[in-house]
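Participant: Below is the sequence, then the predicted model.
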Amino acid sequence: MARAQIAYALQAKRQSLAAAALALREEPEDPEARRTVDRLTEDVGRLEIQLRGAV
């Protein structure tokens, strides 16, 4: 069950990251867009680690 929840959260974060990356490409000087991409990238990394460790 935990694995499915982590996988779902990871999918949602990846989709959010894709949208944020698109926004950053459109406005490369936007510091908020940069922070969002950085935060989501870290979130995706943490979730990938959790997913590998989930049983």
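Facilitator: Structure's in. What do you need? Numbering: from 1, shown residues only.
Participant: in what helix or strand does Glu24 lie?
Facilitator: Quick fix: residue 24 is Leu, not Glu. Element membership for Leu24 (DSSP states H and E) is helix 2-26.
Participant: Which positions in stretch 16-28 come out as buried?
Facilitator: Ser16, Leu17, Ala20, Ala23, Leu24 (16 or more other CB atoms under 10 Å). Where you see a C-beta, it was placed from the backbone N, CA and C, and this is true even at glycine.
Participant: what does stretch 37-52 give?
Facilitator: Going by 16+ other CB under 10 Å, stretch 37-52 has these buried residues: Val37, Leu40, Asp43, Val44, Leu47, Gln50.
Participant: Using TSV, lay out the residues you listed together with secondary structure and distance to Ala12.
Facilitator: Formatted as TSV, the buried residues of stretch 37-52 follow (DSSP: H, G, I helix; E, B strand; the rest coil; distance: CB to CB, whole Å):
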residue	secondary structure	distance to Ala12
Val37	helix	16
Leu40	helix	10
Asp43	helix	10
Val44	helix	10
Leu47	helix	9
Gln50	helix	14
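Participant: Which one of the residues you listed is nearest to Ala9?
Facilitator: Leu47 (5.8 Å; CB to CB).
Participant: contacting residues for the closest one?
Facilitator: Ile6, Ala9, Leu10, Lys13 (CB atoms under 8 Å, 6 or more residues apart in numbering).
Participant: So how do I select the buried members of those residues in ChimeraX?
Facilitator: Filtering the contacts of Leu47 down to the buried ones (16+ other CB under 10 Å) takes a single ChimeraX command:
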select :6,9,10,13
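Participant: could the contacts of Leu47 be laid out in JSON lines, adding pLDDT?
Facilitator: Below are these laid out as JSON lines (pLDDT from 0 to 100):
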{"residue": "Ile6", "pLDDT": "96"}
{"residue": "Ala9", "pLDDT": "97"}
{"residue": "Leu10", "pLDDT": "97"}
{"residue": "Lys13", "pLDDT": "98"}
